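J.: following is a predicted model, sequence given first.
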Amino acid sequence: MYFLETKEITKQFTAHLALDKVDIRVPEAKIFGLLGPNGAGKTTLLRIINRITAPDSGEVLLNGRPLASQDIFDIGYLPEERGLYKKMKVGDQCVYLARLKGLSAIEAKKRLTGWFEKFDILSWWNKKLEELSKGMQQKVQFVVTVIHDPQLLIFDEPFSGFDPVNAELLKNEIMELKRQGKTIIFSTHNMASVEEICDEIALINHSRVVLDGNINEIKSHYKTNTFKVQVANDDLELDAETGSVISKENHAYAPCFRIQKAQSLTNSGFLSALLKNNEIISFQEEIPSMHDIFIQTVQQP
Amino acid sequence: MGKIGIVIHREYFTRVRKKSFIIMTFLMPLLFIALILGTFSLSLIKDGKAKIVVVVDETDLYFDILKSSDQFQFIKATDEFKDFRNHSDESIYATVVISDDLLENPSAIALYSHKQVTNDLIRTINNCLNDYLTDRKIASYDISGLKQIIEDSKASINMQTIKLDESGKENKSSAAIASVIGLIFTFVIYMFIFIYGAMVMQGVLEEKTNRIVEVMISSIKPFDLMMGKIIGIGLVGLTQFFLWVFMILSVFIVCGLFLLPPSPQVLSEVAGQQAASVAVEPSMFQNAYQSLTTINFPEIILCFIVFFIGGYMIYASLFAAIGAMVNSQEDTQQYIMPITVLVLFALYTGIYSIENPNGPLAFWASMIPFTSPIVMMTRLPFDVPFWEKLLSIVLLYATTILLVKCSSKIYRIGILMYGKKPSVKEILKWLKY
């Protein structure tokens, strides 16, 4: 059973179909990446999971039962368009938002102090939000999102607006949340971060899920059976049953061949066939990056 | 405390703790008094230069009668002024032409001018000539002492208005004081509804443009958020009102202690000791004070609160819906227009109702929910029948509930809509969701 599932969610806006029978399956204690080009419907889907908007048809299941209104206490949501009260003091508004999530004022203050210390931002407590820089505000917003210790965390473009140092900090926090057993859904355009932290993904394009599943399975599915092989001799001896050379690059030190492996061989079989006649310096399978898969999938006619 | 409570708490305390709120609460009454005194004293200042009025008197009877004042200077026409019609001397304000004996021919007088003359000038000329002509007429009867007789026969009464309470006790009342009290409450409720209603709109718009609303809506129902805001800001209004009542009451009591004559018992004792002392004429201030005490303030204040809550809820929910519909401050104008017209209509109806507080205009306007909170304030000091108050309140609150429901629907959808302004058709569609 999946922690969170959506079943055939459809949402029609006045002029266009935002989501068309979208199914996603999020396993528990995993990081789930929601990918897709701009305007694909990612944010709409996240809003539906948060019960901010209602779908026209379809349903969201949490632990196998339909999502109910009190479940939102167990969801932390970081919207794409960040926003807090500009004129309110940082501490006060964090307490306020935490209380709206069901914490008592005392508990909220205690937890906030902990988080603020962790992020080394305790000195901001009595500052007005508008006095902080955008990146600093993002940190505050992250704290607000996780303060009520929800089981499900939804981050819409969490890394946008962070400098590399803070992005790293945020990434570590997300990994830490996963270790604690939280389930995390996040949408992003940043494919590098997807490779680093996602376990599962769904790719939405033109309101539909066009690709989903475990990230390693997806990658192996997109493998083209090409290998990069460097050998000591100038030429490569290869018979037709093993594979065929696609191209050859002459490096100063040793030539590098791109080889298309024969379908019938396993990787080990392929390697041992090569070993017979060649002195091998390096051997590497070309695995497509998420970046390539993204572009390839989205640009499919 | 429920979620509405948390929202109310924030809306209330962030506003009440603001310096601007504290300053305004204490400065507003002073500003109000200064404004009234200021306009009053300004209206007393006359034009610096007297206007020149040329008198073309063909009978040679009346020029001496027209006395120049510091406003108008009458000068006798020389020959060159005879042709006043073609004269365009800027320095001459008007020309009075008297062509015949006014006793025989009362319409033989005319006032010519290039610009519209003021009523003041007409009144001045009328008064001077009428007095003179009356005297001459009296004299023409040739009865000795007639002028004295007529003077004596002029009666002047000074009627006191006395209101009886249930026990038949007499209370000196004053229609003028009642009107003033009514007007003050009318203005205050108008101001509160408008200022605090607009504040709700600002708050909604702030949340929308800040984009915090998405975070909020993922933790609280839109209806709760809207109601929390409306109630919280309404409480700020009531707080201000009570602070003002408290301030005025303290001034009133302090004035009463120092400026009022002692109570009748004390007075009679004093009178007993000093029988020869002159009768104490109650001063205008004391009269006013006495009249003030006949007005049922607790009831008026209670009604004020009831009507304020109803009226405020109606307008605040409309304002909240507007704030949710638009994307920026600039877009609000076209939606506020109808509300402004409605509130101003109520205010002017209230002001005109002073003349006839129980007339049909005042009655109907104090029944229609959009105008009733404001117009009813004018009528209250004039003892509105109980059933009218009750009917008005029932109608007001029924409309309030209906409007809050409609507004919350618009609010719920509008608050998450960014981009283009919704059309009227779309808004109507939102209502059906």
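T.: Arrived safely, thanks for sending.
J.: who in chain A is up against chain B?
T.: Residues of chain A found near chain B (Cβ under 8 Å from any Cβ of the partner chain) are A:14, A:47, A:50-53, A:69, A:72-73, A:75, A:77, A:79, A:81-88, A:96-97, A:99-101, A:141, A:144. Every residue, glycine included, has its C-beta placed from N, CA and C.
J.: now, which of those lie within helices?
T.: A:R47, A:Y96, A:L97, A:R99, A:L100, A:Q141, A:V144 (DSSP state H).
J.: state the distance from the last one to A:I197.
T.: It stands for A:V144. Distance check for A:V144 against A:I197: by Cβ to Cβ, to the nearest Å, it reads 21 Å.
J.: so for those two, which sits in the more crowded spot?
T.: Set A:V144 next to A:I197 and count neighbours by other Cβ atoms under 10 Å in any protein chain shown: A:V144 wins out with 27 against 18.
J.: tell me who's in contact with the more buried one.
T.: The neighbourhood of A:V144, defined by Cβ atoms under 8 Å, 6 or more residues apart in numbering or on different chains, consists of A:L84, A:C94, A:L97, A:A98, B:V215.
J.: among the residues you listed, which one has the lowest pLDDT?
T.: Lowest pLDDT of the contacts of A:V144: B:V215, 85.
J.: touching whichever strand or helix holds it from outside, list them.
T.: Assigned by DSSP states H and E, B:V215 falls within helix B:213-217. For helix B:213-217, the external contacting residues (Cβ under 8 Å, 6+ apart) are A:47, A:52, A:77, A:79, A:81, A:83-84, A:97, A:100, A:141, A:144, B:207, B:225, B:415-416.
J.: identify the farthest-apart pair in the contacts of A:V144.
T.: A:L84 and A:A98 (12.6 Å; Cβ to Cβ).
J.: need the residues of the stretch 301-433 of chain B near chain A, please.
T.: By Cβ under 8 Å from any Cβ, the residues of the stretch 301-433 of chain B that approach chain A are B:L416, B:E426.
J.: and if we set it to 7 Å?
T.: Residues of the stretch 301-433 of chain B found near chain A (Cβ under 7 Å from any Cβ of the partner chain) are B:L416.
J.: so which residues of the stretch 301-433 of chain B form helices?
T.: Assigned by DSSP state H, counting those that start in this stretch, the stretch 301-433 of chain B shows helices spanning B:333-353, B:360-365, B:372-379, B:386-414, B:424-432.
J.: any low-confidence regions in the chain?
T.: In the absence of a named chain, chain A is used. A:301 (pLDDT under 70).
J.: could you do chain B instead?
T.: Ranges of chain B meeting pLDDT under 70: B:1, B:43-48, B:79-89, B:158, B:160-174, B:259-291, B:419-421, B:432-433.
J.: is the residue nearest the centre of it in a helix, a strand, or coil?
T.: Relative to the mean C-alpha position of chain B, the nearest C-alpha, by Cα atoms, centre = their mean, is the one of B:L183, at 4.7 Å. Using DSSP: H, G, I helix; E, B strand; the rest coil, the structure places B:L183 in helix.
J.: and B:I301, how many neighbours?
T.: B:I301: 15 surrounding residues under other Cβ under 10 Å.
J.: next one: it relative to chain A, how far apart?
T.: 33 Å (Cβ to the nearest Cβ, to the nearest Å).
J.: which ones are touching that residue?
T.: Counting by Cβ atoms under 7 Å, 6 or more residues apart in numbering or on different chains, B:I301 touches B:V245.
J.: could you pull out the strands for the chain?
T.: Looking at chain A here, since you left the chain open. A:4-12, A:17-26, A:31-35, A:57-62, A:65-66, A:75-78, A:152-156, A:183-188, A:200-205, A:208-214, A:226-231, A:243-249, A:256-261, A:280-285 (DSSP state E).
J.: if you could check chain B rather than the one you did, that'd help
T.: B:51-57, B:72-76, B:92-98, B:109-112, B:161-164, B:170-173.
J.: which one of those strands lies closest to chain A?
T.: The stretch from those with the least distance to chain A (Cβ to the nearest Cβ) is strand B:170-173; that distance is 49.2 Å.
J.: just to revisit the earlier point, in TSV, list the strands of chain B along with distance to chain A.
T.: TSV is the format used below for these (distance: least, Cβ to the nearest Cβ, whole Å):
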stretch	distance to chain A
strand B:51-57	56
strand B:72-76	59
strand B:92-98	57
strand B:109-112	63
strand B:161-164	51
strand B:170-173	49
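J.: between the ones you listed, which one is closest to B:N356.
T.: Smallest distance to B:N356 across these (Cβ to Cβ): 16.3 Å, for strand B:161-164.
J.: turn the ones in helices among the residues of chain A next to chain B into a markdown table, including distance to B:F297.
T.: Formatted as a markdown table, those follow (distance: Cβ to Cβ, whole Å):
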| residue | distance to B:F297 |
| --- | --- |
| A:R47 | 52 |
| A:Y96 | 38 |
| A:L97 | 43 |
| A:R99 | 40 |
| A:L100 | 41 |
| A:Q141 | 50 |
| A:V144 | 48 |
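J.: any of the residues you listed buried? List them.
T.: Listed as buried from those are A:R47, A:Y96, A:L97, A:R99, A:L100, A:Q141, A:V144; burial here means 16 or more other Cβ atoms under 10 Å in any protein chain shown.
J.: nearest to B:T95, of those residues?
T.: Distance to B:T95, by Cβ to Cβ, is smallest for A:Y96 among these, at 75.2 Å.
J.: quickly list the domain ranges of the chain.
T.: Answering for chain A, as no chain was given. Using automatic domain parsing, the domain parsing of chain A gives A:4-220, A:224-285.
J.: correction: the question concerned chain B.
T.: B:51-134, B:173-264+B:281-432.
J.: most packed of these?
T.: Of all the domains of chain B, domain B:173-264+B:281-432 has the most neighbours on average by mean count of other Cβ atoms under 10 Å in any protein chain shown, namely a mean of 18.
J.: quick revisit: show me which of the ones in helices among the residues of chain A next to chain B is closest to B:I427.
T.: Lowest distance from B:I427 to those (Cβ to Cβ) belongs to A:R47, with 21.2 Å.
J.: isn't that closest one up against A:T53?
T.: Yes. With contact defined as Cβ atoms under 7 Å, A:R47 reaches A:T53; the gap is 4.8 Å.
J.: do you know how far the residue nearest the centre of chain A is from B:D383?
T.: Geometric centre of chain A, nearest residue: A:G33, 3.0 Å, by Cα atoms, centre = their mean. Remark: distance between A:G33 and B:D383 (Cβ to Cβ) = 73 Å.
J.: around the residue of the stretch 151-300 of chain A at minimum distance from chain B, how many other residues sit close by?
T.: Residue of the stretch 151-300 of chain A nearest chain B, by Cβ to the nearest Cβ: A:I154 (8.7 Å). By the criterion of other Cβ under 10 Å, A:I154 has 26 neighbours.
J.: that one bridge partners, please.
T.: A:I154 has these beta-bridge partners by DSSP bridges: A:Y77, A:I185.
J.: what's opposite A:R258 in the beta bridge?
T.: With DSSP bridges as the criterion, A:R258 is bridged to A:K228, A:S247.
J.: give the contact list for it.
T.: By Cβ under 7 Å, 6+ apart, A:R258 lies in contact with A:T226, A:K228, A:I246, A:S247.
J.: hmm, the second one is touching A:Q284, no?
T.: What it means is A:K228. Yes. The criterion here is Cβ under 7 Å, and A:K228 meets it with A:Q284 at 4.7 Å.
J.: nice, that's everything, thank you.
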